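*Asks:* below: sequence and its predicted model.
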Amino acid sequence: MRPTSPEDSGVLLARRTARTTGNPDRPRQPDGKDRPDRRRADRLRAAGLLVALLALFLIAVLSVSVGARSIPFGTVLRGLFSPDGTENAVIVQDYRLTRTLLGLAVGAGLGLAGALMQALTRNPLADPGLLGIESGASAAVVTAIGFLGITSPSGYVWFAMAGSALTAAAVYTLGTAGRGAPSPIRLVLAGTAVNASLIAGISTLTFLDRDSFAALRVWSVGTLAGRGDDVLLRVLPFLLAGLLLALALGGPLNALALGDELGSALGARPARTRVLGALAVALLCGAATAAVGPIGFVGLIVPHAVRLVTGPDQRWLLAYCLVLSPALLLGADVLGRLLVRPDELAVGLVTAALGAPVLVVLVRRRKVPQL
């Protein structure tokens, strides 16, 4: 019998892994004894996803119904489906509905961006801010305000998106430069260095220009209030493009989690997956940050919590994040309206207050799962 060479061992290991994890390009059928368990697990995940969709629908209805002004639910429904031009109908149509739709789009973008970041860096506690994308958007907004006098969200949204894209490109270039294959650690280090440089530049400019400081102070809190439908329409194409790209990367990300060599043996292309993943993160996080300002913990908490239910399968993880992230963001926004009514707290402050203790509880109750 011919002895098994290291190359043969690698091929055999890849084939065994393909049977259990699935090949994104050439899927194989699992063993017969594993098929019932897998189908049962998929049914449970699908049922959980339907429950999450129902929760998202109820929170969206609550977001349209609750505000600084008390409006009966029947009046809210008439304002949505048969507006008559009254003051209550204008509030429901032009303010609450737009705010809710923006929260749905931005929440989905932040959640998917966080899940992609954690998969690409193999760090369960990573979020889009790790690569300085939010700081890149903030730096572009400060530049637009300080040098061009642009102060409206619909005006500097393009600058914020450009800043996010340029920052993502710079981080990826620095993280992949030099000898050897790109690694998650190099990307994180590059992101940390770029983020620190951008924060220093933002601080310098805001101290020198009071108008820039005042405008950035309002924008950097992160809020869904005061954003018209023009802002939503401008960022929606980029959010949709990033969303479709992210969902298409579920299979390749599963293979990438096994390592570059084994992933390549399974038919994946690690370099292409990282480039497309970074592009999706730039689109999602850049558009979301440009629309409402930097909002933390949504892209960190939701993927980390969802992983406790779905496991490491990126396909289910991304699907759950697509639903639960906007649910968290809208829920936090509704809570911010109720806590100090008739005033309100910015949603960025509420997510920070909720996210920190939840993260501590999740980490203490269970060991952080590996990616």
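*Replies:* Received it, and whenever you're ready, just let me know what you need.
*Asks:* next secondary structure after the biggest helix by length in the chain?
*Replies:* Taking DSSP state H as the criterion, the chain has its longest helix at helix 35-65. The helix or strand immediately downstream of helix 35-65 is helix 73-81, counting by DSSP states H and E.
*Asks:* residues in contact with that next one?
*Replies:* 64-65, 71, 84, 86, 88-93, 96-97 (Cβ atoms under 8 Å, 6 or more residues apart in numbering). C-beta: built from backbone N, CA, C; applies to glycine.
*Asks:* list the buried residues in that helix.
*Replies:* 75-76, 78-80 (16 or more other Cβ atoms under 10 Å).
*Asks:* can you list contacts of the next helix-or-strand element following that helix?
*Replies:* Following helix 73-81 in sequence order, the next helix or strand is helix 87-90 (DSSP H and E). Residues outside helix 87-90 that contact it (Cβ under 8 Å, 6+ apart): 69, 71, 75-76, 78-79, 83.
*Asks:* I'd like the average pLDDT over helix 87-90.
*Replies:* Across helix 87-90, pLDDT averages out at 84.
*Asks:* now the angle between helix 35-65 and the helix or strand that that helix is followed by, please.
*Replies:* For helix 87-90, the following helix or strand on the C-terminal side (DSSP H and E) is helix 98-121. Compare the direction of helix 98-121 with that of helix 35-65 by axes from the mean of the first three to the mean of the last three Cα atoms, to 10 degrees and you get 140 degrees.
*Asks:* where in the stretch 51-200 of the chain is pLDDT low?
*Replies:* Along the stretch 51-200 of the chain, the parts satisfying pLDDT under 70 run over 125, 130, 178-184.
*Asks:* with the stretch 201-350 of the chain instead?
*Replies:* Counting by pLDDT under 70, the stretch 201-350 of the chain contains low-confidence residues at 211-212, 215, 260, 263.
*Asks:* where along it do the helices fall?
*Replies:* 210-219, 229-248, 250-256, 260-265, 270-292, 298-310, 314-339, 347-365 (DSSP state H, counting those that start in this stretch).
*Asks:* switch those helices over to JSON lines; also include mean neighbour count and distance to Gly111.
*Replies:* Output for these, formatted as JSON lines (neighbours: other Cβ atoms under 10 Å; distance: least, Cβ to Cβ, whole Å):
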{"stretch": "helix 210-219", "mean neighbour count": "16", "distance to Gly111": "21"}
{"stretch": "helix 229-248", "mean neighbour count": "18", "distance to Gly111": "10"}
{"stretch": "helix 250-256", "mean neighbour count": "24", "distance to Gly111": "14"}
{"stretch": "helix 260-265", "mean neighbour count": "18", "distance to Gly111": "24"}
{"stretch": "helix 270-292", "mean neighbour count": "25", "distance to Gly111": "9"}
{"stretch": "helix 298-310", "mean neighbour count": "24", "distance to Gly111": "5"}
{"stretch": "helix 314-339", "mean neighbour count": "24", "distance to Gly111": "2"}
{"stretch": "helix 347-365", "mean neighbour count": "17", "distance to Gly111": "12"}
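*Asks:* those: which one's closest to Leu53?
*Replies:* Proximity to Leu53 (Cβ to Cβ) singles out helix 314-339 among the helices of the stretch 201-350 of the chain, at 5.6 Å.
*Asks:* what helices and strands are in contact with that closest one?
*Replies:* Secondary-structure packing of helix 314-339 (3 or more Cβ pairs under 8 Å, 6 or more residues apart in numbering; DSSP states H and E): helix 35-65, helix 98-121, helix 229-248, helix 250-256, helix 298-310, helix 347-365.
*Asks:* who wins for proximity to Phe159 among the ones you listed?
*Replies:* When the helices and strands packed on helix 314-339 are ranked by proximity to Phe159 (Cβ to Cβ), helix 229-248 comes first, at 11.8 Å.
*Asks:* list the buried residues of the longest helix of the chain.
*Replies:* Result for helix 35-65 [16+ other Cβ under 10 Å]: buried residues 45, 48-49, 52, 56, 59-65.
*Asks:* and these, which is closest to Ile199?
*Replies:* Among the buried residues of helix 35-65, and counting by Cβ to Cβ, the member closest to Ile199 is Ser63, at 32.2 Å.
*Asks:* not counting sequence-adjacent ones, nearest residue to that closest one?
*Replies:* Counting by Cβ to Cβ, 6 or more residues apart in numbering, Ser63 lies nearest to Thr100, which is 4.3 Å off, once chain neighbours are set aside.
*Asks:* my read: the one you found touches Leu330, true?
*Replies:* Yes: if you go by Cβ atoms under 8 Å, Thr100 and Leu330 touch, sitting 6.6 Å apart.
*Asks:* hey, what's in contact with both of those two?
*Replies:* By Cβ under 8 Å, 6+ apart, the residues touching both Thr100 and Leu330 are 60, 63.
*Asks:* who are the contact partners of the closest residue to Gly129 other than its chain neighbours?
*Replies:* Closest residue to Gly129 apart from its sequence neighbours, by Cβ to Cβ, 6+ apart: Gly296 at 6.7 Å. Residues near Gly296 by Cβ under 8 Å, 6+ apart: 127, 129, 222, 348, 351-352, 355.
*Asks:* measure Gly107 to Ala200 for me?
*Replies:* Separation of Gly107 from Ala200 (Cβ to Cβ, to the nearest Å) stands at 30 Å.
*Asks:* picking up where we left off before, now which of the contacts of helix 73-81 would you call buried?
*Replies:* 64-65, 71, 88-89, 91-93, 96-97.
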